[in-house]
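Colleague: any chance you could fold what I've pasted below:
(one chain, ligands or ions: 1)
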Amino acid sequence: MPGLVANQLIHAVAVLNIPPDLLQPRDIELRLEELGLHEHDLIYNIETSSTNIDVLQHYQASGRLSIAVCEKQTAGRGRRGRQWLSPHAQNIYCTIGLNLPVKAEQLGLLSIASGIALCRVIVEAGFDAVKLKWPNDLVFDDGLQKYKLGGILIESRPAGDGYFVAIGFGLNVHMTRIQLDAIAQPATSLDLISGRNIQRQSVLLAAISSVVDQFRLFSESSIDMLLDEFSRYDAYRNQQVCVLNGEDKITGLCTGIGRDGQLLVKTDQTMLTFSAAEISLRAG
Ligand code: ATP
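Modeller: Alright, predicted model coming up:
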């Protein structure tokens, strides 16, 4: 198969000859200064278990906020303990710790708000077909299929009048077709979509700024605007979907999300709402 051979060659060249596209922590520190995040510590690791764990442990041990980035995660996580593939110097792995004055019923919106902030950056970089798949996936939709491009993992702890929140995200930048084939669902990377070599550092800096700005503006009164923007990125808006809850399956029309971030699905009989904790969403 010529395609496969070509892919293997590209992979071999990437592994053997090209110096790895490493991050520059000093520039990330400067960006944190520019953003006014003077109280945040930067945690940069070549290899770590998970950037969410770094930020959560740092907070627990010191009471301090941090932003963690790394070149490789050895135990990158998705939802419900699923694995997030995080090879060395290929993708963006980042977690931003913030204290947010949010209410418990707003926690479900944090993943959506983060996803919108990341979509803005990716669209700005020229990738118009990026969408959000509720509740936590960034997907590239070529009109025929949705390919997973990134994911968000929010973990929170009550703190003061609100929550300490670890906003973790992974975004595939350089992963090759061969590396992506290890994932049990269609997936892609910015390099593969564009046919170019996208700079990890510049996308990372823009992503940090966008997420931080998003949460500076997040409040009860901004929710309507957020829901409106989500409707433009929603990968399944007005499409037939299948909602999976263990062995149970419900099909219906995806009509969006409520003010608490719950998924709204209209069946023949009624309008149903689903919380992200319980279910997975698929094409119907
Ligand atoms: P759900 O719809 O319930 O969120 P999901 O399969 O998207 O289901 P997540 O927890 O969001 O689950 O993400 C973890 C899954 O993502 C893994 O089980 C794997 O299939 C896929 N995955 C793992 N690493 C990557 C990666 N680097 N890029 C794209 N997809 C990945």
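Colleague: check contacts around Arg200.
Modeller: Asp21, Leu23, Ala89, Asn91, Ile92, Val173, His174 (Cβ atoms under 8 Å, 6 or more residues apart in numbering). The way it works is simple: take the backbone N, C-alpha and C, and place the C-beta from them, glycine included.
Colleague: err, Ala182, not the other one
Modeller: Ala182 touches Leu85, counting by Cβ under 8 Å, 6+ apart.
Colleague: mind checking how far Ile122 is from Ile154?
Modeller: Distance of Ile122 to Ile154, given as Cβ to Cβ, to the nearest Å: 19 Å.
Colleague: and what of Asp161?
Modeller: Asp161 is 19 Å from Ile154, by Cβ to Cβ.
Colleague: burial count for the closest residue to the ligand within the chain?
Modeller: At 2.5 Å from the ligand, Gly78 is the closest residue in the chain, using Cβ to the nearest ligand atom. Neighbourhood size, Gly78 [other Cβ atoms under 10 Å]: 17.
Colleague: beta partners for Thr251?
Modeller: Cys242 (DSSP bridges).
Colleague: wait, it touches Val241, no?
Modeller: Yes. The pair Thr251 and Val241 passes the contact test of Cβ atoms under 8 Å, sitting 7.0 Å apart.
Colleague: now do the shared contacts for those two.
Modeller: Gly284.
Colleague: of these two, who's got more company?
Modeller: Val241 (22 against 13).
Colleague: Val211 sits in which helix or strand?
Modeller: helix 200-217 (DSSP states H and E).
Colleague: with Asp260 instead?
Modeller: Applying DSSP H and E, one finds Asp260 in no helix or strand.
Colleague: count the neighbours of it for me.
Modeller: Asp260 has 15 nearby residues by other Cβ under 10 Å.
Colleague: likewise the one 3 residues further on?
Modeller: Per other Cβ under 10 Å, the neighbour tally for Leu263 reads 23.
Colleague: so for it, what's the pLDDT?
Modeller: Leu263 is assigned a pLDDT of 97 by the prediction.
Colleague: and Gly246, by the same measure?
Modeller: For Gly246, the predicted pLDDT is 88.
Colleague: check Gln73 too.
Modeller: 98.
Colleague: nearest residue to it other than its sequence neighbours?
Modeller: Once flanking residues are discounted, Gln73 sits nearest to Ser86: 3.5 Å by Cβ to Cβ, 6 or more residues apart in numbering.
Colleague: how far away is the one you found from Glu47?
Modeller: 10 Å.
Colleague: for those two, indicate the residue with more neighbours.
Modeller: Neighbour count, other Cβ under 10 Å: between Ser86 and Glu47, Ser86 has more, with 24 against 11.
Colleague: and for Glu229, the neighbour number?
Modeller: By other Cβ under 10 Å, the burial measure for Glu229, its neighbour count, is 17.
Colleague: let me know the helix or strand that it is in.
Modeller: Per DSSP H and E: helix 223-233 holds Glu229.
Colleague: quick revisit: and Asp161 and Ile154? which has more neighbours close in?
Modeller: Neighbours per residue, other Cβ under 10 Å: of Asp161 and Ile154, the larger number sits with Ile154, 24 against 10.
Colleague: sorry, back to before: could you give the angle of the helix holding Val211 to helix 223-233?
Modeller: 150 degrees (axes from the mean of the first three to the mean of the last three Cα atoms, to 10 degrees).
Colleague: may I see the buried residues of helix 200-217?
Modeller: For helix 200-217, a neighbour-count test (16 or more other Cβ atoms under 10 Å) marks 200-201, 203-212, 214-215 as buried.
Colleague: same question, stretch 156-174
Modeller: 156, 162-174.
Colleague: those into TSV, with extra columns for distance to Gly284 and secondary structure?
Modeller: As requested, the buried residues of stretch 156-174 are exported to TSV (distance: Cβ to Cβ, whole Å; DSSP: H, G, I helix; E, B strand; the rest coil):
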residue	distance to Gly284	secondary structure
Ser156	31	strand
Gly162	37	strand
Tyr163	34	strand
Phe164	37	strand
Val165	32	strand
Ala166	33	strand
Ile167	30	strand
Gly168	29	strand
Phe169	27	strand
Gly170	27	strand
Leu171	27	strand
Asn172	26	coil
Val173	31	coil
His174	33	coil
